[in-house]
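# coordinates only, no sequence provided:
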C-alpha cells in the first residue's frame, strides 16, 4: 500500500446535474481545510477516466478519488485494483449506490473530510473479461435502457425521474431476448431471456428488495435470469421491481456462485456495468476478487455497509 498521503480528485464534469464549475468550486473550498493534501483534476467524458487515473498514479498520489457517479467510481476502481493505491469516493451521481453502500457521506464537505482523516479497507470487486464492476453487470434489455437514458438526459437533464422514464420507454419497445448458456458450479443451463443481471452489491439488492443478499454477503454473485416475456410482462416486472415486489420463480430465476460463465448465440454483445455500456465478445467470464481494492470508507458497522466479504 502506498505511503503517499496526497489525494488526487478526478472530477467527472459530465456526472450528476448542475454546473461543473460550481462543483469544482465546492470541492476547492472543502480542500482549503487540508492544505497540500488535495489536488483537483477535471476529466471530461470524452477524455477518459482511465487515462486520467493512470496519470495520477504516475504522479505518485497514494489516494485517487472519483468525484462522480457509480460509472466514474467503477472506472477509477478498475485502474486501481491491484495497484496498491487507495480508492476515494466523492458521490456526485444520480443514484450513488456505491457510496451509499459504503456509508460514505453524500455531502462534498463530509466526503472530503473522510478522505483526509479516514482509513482504507478492502472492497471486493466483480470482474468480467478484464473489466471491473462494483454494483452489477447485465445483458439484454438493460444496456438498451442505458442507451435510451443517454438521450433522455440530453433532452431533460439528469434526474431519477428521467432515469425511470427511460426504463419504461425501453421495456415497451424491446424485441431482442438473448439466447445463452450459463455455467456455474459445474452445472450448465440454457435459457432465452430478456435480462441476465449479475449483482455484486448487497446494498443495491436490499434497496430493491431482491433475494440473493445472503449470497453476496458470502462473497458470491447473485445472477438473476428473467423468463422470456412479452413487453407488457417485462414492464410489469419493472414496476414490481420499483415497488420491491419481485418474487423468485415468478419474476426471475436466481443462481449464485463466485465463478460464472455466460455464452451467447451472438459473438459480440453490449454489457451494462455500473451505469456504463461496453461491447465485449462471448464467453463472458464473471469472477469475484476479494482483496484487489482498498477504499477509504467509514469502518464497517454490520448491516448496511459494504465489507471485505461483500456484506451490506
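Thanks, I have it. What you see is a predicted model, and the numbers here were worked out from it, not measured in a lab. Residues are numbered from 1 along each chain as shown.

# buried residues, stretch 22-30. List them.
Under the neighbour-count criterion of 16 or more other Cβ atoms under 10 Å, stretch 22-30 has 23, 24, 26, 27, 30 buried. For glycine as for every other residue, the C-beta is placed from the backbone atoms N, C-alpha and C.

# just give me the closest of these to residue 117.
Closest approach to residue 117 among these (Cβ to Cβ): residue 30, at 12.6 Å.

# what mean pLDDT does stretch 287-297 get?
Computed over stretch 287-297, the mean pLDDT rounds to 94.

# can you measure across it, start residue to end residue?
The straight-line separation of the ends of stretch 287-297 (Cα to Cα, to the nearest Å) is 24 Å.

# re earlier: what is the nearest of the buried residues of stretch 22-30 to residue 205?
For the buried residues of stretch 22-30, the nearest to residue 205 is residue 23 (29.7 Å; Cβ to Cβ).

# ok so, going back, just the buried residues of stretch 22-30: which are in strands?
Among the buried residues of stretch 22-30, none falls in strands (DSSP state E).

# I'd assumed residue 255 was in a strand, is it?
Yes: according to DSSP: H, G, I helix; E, B strand; the rest coil, residue 255 belongs to a strand.

# can you give me the neighbour number for the nearest residue to it once chain neighbours are set aside?
Spatial nearest neighbour of residue 255, excluding adjacent residues (Cβ to Cβ, 6 or more residues apart in numbering): residue 223 at 4.4 Å. Residues lying near residue 223 (other Cβ atoms under 10 Å) number 24.

# what lines up beside the one helix or strand residue 223 maps to in the sheet?
Residue 223 belongs to strand 221-225 when assigned by DSSP states H and E. Note on strand 221-225: by DSSP bridges, its sheet partners are strand 195-199 (antiparallel), strand 253-257 (antiparallel).

# so what does the nearest residue to residue 208 once chain neighbours are set aside look like in phi/psi?
Of all residues not flanking residue 208 in the chain, residue 241 sits nearest, at 5.7 Å (Cβ to Cβ, 6+ apart). Geometry field for residue 241 lists phi and psi as phi -60, psi -50, criterion degrees, to the nearest 10.

# try residue 13
phi -70, psi -10.

# can you give me the strands for the stretch 201-312 of the chain?
Remark: strands assigned in the stretch 201-312 of the chain by DSSP state E, counting those that start in this stretch are 221-225, 253-257, 259-264, 268-273, 276-281, 284-289, 294-296.
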